[in-house]
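# Model the following, please.
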Amino acid sequence: MRSFLLNILAGFILLYSADSLHAQPIQILPLGNSITQASNLYKSYRYELWKKLLDDGLDFNFVGSQTDHYNCGTPVFPDYLGQSFDMDHEGHWGWRCDEVIDGDGGTSNCRGSGGLSDWLMNYTPDIALIHLGTNDLFQGTGGNYTINTTISELETIVDILRADNPNVIILLALLIPTSDVNQAWKIETLNAEIPNIAVTKYDPNSPIVIVDQFTGYDPVTDNQSDGTHPNAIGEEKMAQKWRDAIIDALSGISVDVNVFLEGPFNGTDMNDNLSAVIPLNQPFSGAPWNYTGTESYSILPADIVDWVLLELRDATDAASATGGTIIAQKACFIDNTGKIVNLDGSAEVRFSVELTNNLFVVVHHRNHLKIMSSGPLTEFAGVYSWDFTTAVANAYGGASAVKDNGSGIALMMAGDINADGTINNTDKLGAWDPEAGNVGYYSSDLNMNGEVSNVDKNEFWIVNFGKSSQIPVSK
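Below is the predicted model of the structure:
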């Protein structure tokens with residue numbers, strides 16, 4: 001229904017096959033319960049999202065079997081940029097996931113009717129926005145509608161959407177919080193499990209992106225008096241999160257990088273002994289990184305070793321990939337297998353950038369020497385990949401940049417405690433000496449076991465003394 005053309009569509013066509021997207025408006029499905037539908041007194045996040053996407057110039061169309069709000073009728077939707085609000089949606093007041101699947105939810109007061117498979121007979125979404133599970137938890141008395149059941153049903157919803165469109169992009173939300181203390185913990189528990197769906201249902205042709213609607217949302221000030229449904233402030237916050245996720249999904253590139261840190265490496269994978277003390281906010285805001293990103297997490301995924309800073313460079317060759325070619329940075333997690341992952345634990349980190357030449361990747365860590373790929377990342381199906389772990393030659397500078405553990409596994413070198421690119425006396429005198437004996441999250445803890453000891457100094461700093469980063473610099 002809505003038509004506004006934008007350059008971003010061209011990027012979307014490049015990333016996704018012509019079979020999965022045609023030269024037509026992008027079909028966006030808002031799928032959920034009352035938080036998606038809203039009562040007839042509130043506009044819903046959909047209206048604010050619609051305006052934001054118009055501002056972006058996106059050519060899109062909301063789809064769904066519903067146009068009414070709960071209790072029938074709608075508030076007044078002012079026109080925007082000369083357009084009338086696209087009211088189509090699949091918000092169904094009071095419905096659980098199983099009712100969305102089976103179509104057996106209540107129909108009174110314009111809640112809707114039918115089930116997901118029925119609705120999909122009339123449209124095919126390119127993008128699905130899913131915010132479901134709140135009612136499953138709130139109605140979960142007597143052991144019914146458990147966390148595991150809800151996760152399983154969300155996976156079924158993914159399957160149904162993919163059966164309709166094998167290339168559908170699924171934006172799956174962590175639920176907004178409630179101020180009801182008897183229910184709040186249930187939402188937090190479910191939110192901790194939702195990111196696993198992106199792992200268990202991974203399909204490169206149909207990405208699942210976790211959209212964190214929980215973090216930054218105040219259940220008191222952003223909800224109505226019932227503590228559960230968003231007020232105008234909450235609707236605006238949800239709309240912004242959805243908008244950002246949609247734009248990210250339709251533009252840019254995905255990066256899949258593997259690397260091992262020497263300190264926590266145990267011969268097979270890496271220990272995750274810092275999981276209890278990893279800070280909530282990214283640790284790269286100070287010197288020497290001076291990174292301005294605001295990445296933070298509320299729930300730490302399983303098997304996370306630490307934060308890393310992932311950096312992209314656009315250059316003709318590795319020697320030319322100096323600091324002036326940096327096009328993006330993002331703070332991420334590294335898990336115990338060496339995979340650099342999103343803050344929800346899912347693989348393939350996404351960047352909203354476009355390439356001119358070749359893509360090179362740099363990995364920064366707070367106490368290991370930073371490294372860069374020795375060649376351009378290889379691209380397949382829109383994902384650029386590089387594995388530093390399989391050979392020292394995969395790092396620019398080879399054996400001078402990383403070390404072989406003796407079994408052919410390449411490791412980033414520990415000991416650069418102040419992250420200035422060189423392992424020298426400054427690291428010991430300025431950092432290890434004053435931090436020795438401390439317990440917690442410290443850069444001098446080179447083996448990353450949660451305490452600063454002589455092991456860190458003797459087995460890493462001394463062994464790697466004199467080594468420096470081999471990343472190319474401007475001449």
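# which stretches of the protein form helices?
Along the chain, counting by DSSP state H, helices occupy 8-15, 34-37, 45-56, 97-102, 116-119, 134-138, 147-164, 181-193, 195-200, 232-250, 425-427, 433-435, 454-456.
# closest one to Glu262 among those?
Closest approach to Glu262 among those is made by helix 454-456 (11.4 Å; CB to CB). Yep, even glycine has a C-beta here, placed from its N, CA and C like the rest.
# List the contacts of the residue nearest to Met412 when sequence neighbours are not counted.
Nearest in space to Met412, with sequence neighbours left out and distances taken as CB to CB, 6 or more residues apart in numbering, is His368 at 4.2 Å. Applying CB atoms under 8 Å, 6 or more residues apart in numbering, we find His368 in contact with Leu261, Glu262, Gly263, Met412, Met413, Ala414, Gly415, Asp416.
# so how far is Asp427 from the closest residue to Thr156 other than its chain neighbours?
Leaving aside its sequence neighbours, Thr156 sits nearest to Ile101 (CB to CB, 6+ apart; 5.7 Å). Per CB to CB, to the nearest Å, Ile101 is found 57 Å from Asp427.
# quick one, which of these two is more surrounded?
Asp427 (25 against 19; other CB atoms under 10 Å).
# is it true that the more buried one touches Asn464?
No: at 9.8 Å, Asp427 does not count as touching Asn464 under the criterion of CB atoms under 8 Å.
# Identify the contacts common to the two.
What both Asp427 and Asn464 touch, as defined by CB under 8 Å, 6+ apart, is the set Gly415.
# what number of residues lie near Ala302?
By other CB under 10 Å, the residues close to Ala302 number 13.
# Tally up the residues packed near the nearest residue to it once chain neighbours are set aside, please.
In space, not counting the residues next to it along the chain, Ala302 is nearest to Gly345; the distance is 6.9 Å by CB to CB, 6+ apart. Here the number of neighbours of Gly345 (other CB under 10 Å) works out to 21.
# show me the contacts for Gly345.
Gly345 sits next to Pro195, Asn196, Ala198, Val199, Pro301, Ala302, Asp303, Ile304, Phe333, Asp335 when contact means CB under 8 Å, 6+ apart.
# how much space between the second one and Leu132?
Just to be clear, that refers to Asn196. 16 Å.
# neighbour-wise, which of the two wins?
Just comparing Asn196 and Leu132: by other CB under 10 Å the higher neighbour count belongs to Leu132, 25 against 17.
# and that one, what is it in contact with?
Residues in contact with Leu132 (CB under 8 Å, 6+ apart) are Leu31, Gly32, Asn33, Arg96, Cys97, Val100, Leu154, Ile157.
# any idea which of those is closest to Leu250?
Taking CB to CB as the measure, Leu250 lies nearest Leu31 of those, at 18.2 Å.
# quick one: pLDDT of the closest one?
The model reports Leu31 with a pLDDT of 99.
# Grab the nearest non-local neighbour of it.
Spatial nearest neighbour of Leu31, excluding adjacent residues (CB to CB, 6+ apart): Glu90 at 4.6 Å.
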